[in-house]
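Student: can you look at this prediction? I've put the sequence above it.
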Amino acid sequence: QVQLVESGGGLVQAGGSLRLSCAASGLTFSMYSLGWFRQAPGKEREFVAGITWRGGSTYSPDSVKGRFTISRDDAKNTVYLQMNTLKPEDTAVYYCAADYRNTAFNAGMAYWGKGTLVTVSS
């Protein structure tokens, strides 16, 4: 059974940093592309970062580019999201997702965690 468990969320002031982690089990981690998504109250879930299987490439939208960095440690079955220069509009529940050798980072990814809340105060 595949499980993804996010951690590292919390309350931070604007301009601060957080690092989210997502620990995976029940899959051959290195063969999976991994993504981070977020959903703010009243808004649709949006993609914030993705990394392909074996870490070949990373992707992120302009809204977070230069501030958020995704990385993975295949030895630890863990994917990270380093978030710097946080803004109040980054407040959301952050989810990690995994899909087998997939480079389409969208709601159709196969496995999802339950999320971790990030709150950025102004």
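Tutor: Perfect, I can see it now. Numbering: from 1, shown residues only.
Student: go through the helix or strand Val5 falls within and flag the buried ones.
Tutor: Assigning secondary structure by DSSP states H and E places Val5 in strand 3-7. Within strand 3-7, the residues that qualify as buried are Leu4, Glu6, counting by 16 or more other Cβ atoms under 10 Å. Bear in mind the C-beta positions are built from the backbone N, C-alpha and C, glycine included.
Student: name the helices or strands packed onto it?
Tutor: strand 18-25, strand 92-100 (3 or more Cβ pairs under 8 Å, 6 or more residues apart in numbering; DSSP states H and E).
Student: which one of those is the most hemmed in?
Tutor: strand 92-100 (a mean of 22; mean count of other Cβ atoms under 10 Å).
Student: hey, C-alpha coordinates of that one in CSV?
Tutor: The C-alpha coordinates for strand 92-100 follow below in CSV (Å, rounded to 0.1, in the frame of the first residue of the first chain):
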residue,chain,number,x,y,z
ALA,A,92,-2.5,26.9,1.9
VAL,A,93,-2.6,23.1,2.6
TYR,A,94,0.4,21.6,0.8
TYR,A,95,0.1,18.1,-0.7
CYS,A,96,2.7,15.8,-2.2
ALA,A,97,1.8,13.5,-5.0
ALA,A,98,3.6,10.6,-6.8
ASP,A,99,3.1,9.0,-10.2
TYR,A,100,5.1,6.3,-12.0
